[in-house]
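**Student:** Requesting a structural model of the entry that follows:
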Amino acid sequence: MKIVVIGGSGLIGSKLVDDLRAQGHEVVPASPKTGVNTLTGEGVADALTGADVVVDVSNSPSFEDKAVLEFFETSTRTLLAAASDAGVGHYVVLSIVGSDRIPDSGYMRAKVAQEKLVAASGTPYSIVHATQFFEFLQGIVDAATDGDTVHLAPVFIQPMAADDVAAAVAQVVVGAPTNAVVEIAGPEQFRLDDLGRDLLTAQQDHRSVVADPDARYFGAKLGERSLVPADGARLAGTRLDDWRARATSRR
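**Tutor:** Predicted structure coming up:
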């Protein structure tokens, strides 16, 4: 099976390429680094020639509201047109659990726009909603910091390891199109503020965490379950403590 991975040099993309190649598939990592630009269209048609599956795990270089919307809409339209011309039989896109539940986030609105384009395209598809990655927890805490205080909403979060995200996406890629959303998540739920305290304690970081119901998540207001999946999500096996131990051993 020939599989084209858009964003194949990124955190998830590079892992996904390795996973699929290990299964014996012909995998083409596509990104501006390899001469494939989904905004201008450069190299897209050539990359998709003969492809059975296209997987989009790319991300916008800017998170500014207008820029991120333009990125996902332009890129997705370019890819869908090329996929249709190439006769691609399965279009897979990685998105985010809660994308449709956080409307005041420009980034989430852009992901919803991307998903709508894919669902309306006529190409058989699967949309994978993943929860936040363990690798991004530090960024969440840092973004919520004001001086020595971290303001985090006491809402539920169910993060997962990037390795598990790639493995779950790979399972969807080699399966039949679902023409629906598949949710994936970590095995444990936490309160976001508790998780922030735990992270800082483990790092001997002296910042203090305040449970603030009005705290913003990258500018967005969260509901108690905005960041966790519905019942029936596919749960990964890596627990937070196991991921930490593995990350420490790699240093």
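**Student:** Now find how far off-centre stretch 163-174 is within its chain.
**Tutor:** Centre-to-centre, stretch 163-174 and its host chain are 12 Å apart (Cα atoms, centre = their mean, to the nearest Å).
**Student:** List the buried residues for it?
**Tutor:** Residues 163, 164, 165, 166, 167, 168, 169, 170, 172, 173, 174 are the ones in stretch 163-174 that count as buried (16 or more other Cβ atoms under 10 Å). Glycine gets a C-beta too; all of them are placed from N, C-alpha and C.
**Student:** can you list those in CSV and add secondary structure, pLDDT and distance to residue 146?
**Tutor:** Compiled in CSV, these are given as follows (DSSP: H, G, I helix; E, B strand; the rest coil; pLDDT from 0 to 100; distance: Cβ to Cβ, whole Å):
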residue, secondary structure, pLDDT, distance to residue 146
163, helix, 97, 33
164, helix, 98, 32
165, helix, 98, 30
166, helix, 98, 34
167, helix, 98, 37
168, helix, 98, 35
169, helix, 98, 35
170, helix, 98, 40
172, helix, 98, 39
173, helix, 98, 41
174, helix, 98, 45
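**Student:** Greatest separation within those residues: which pair is it?
**Tutor:** Using Cβ to Cβ, the pair of those lying farthest apart is 163 and 174, separated by 17.1 Å.
**Student:** List phi and psi for residue 90.
**Tutor:** In terms of degrees, to the nearest 10, the main-chain angles of residue 90 are phi -160, psi 120.
**Student:** Roughly how far does it sit from residue 219?
**Tutor:** Separation of residue 90 from residue 219 (Cβ to Cβ, to the nearest Å): 34 Å.
**Student:** The two: which has the busier surroundings?
**Tutor:** Set residue 90 next to residue 219 and count neighbours by other Cβ atoms under 10 Å: residue 90 wins out with 23 against 13.
**Student:** Break down the stretch 51-200 of the chain into its strands, ranges please.
**Tutor:** For the stretch 51-200 of the chain, the strands defined by DSSP state E, counting those that start in this stretch cover 53-56, 90-96, 125-130, 145-146, 149-152, 156-157, 181-185, 190-191.
**Student:** Good, wrapping up.
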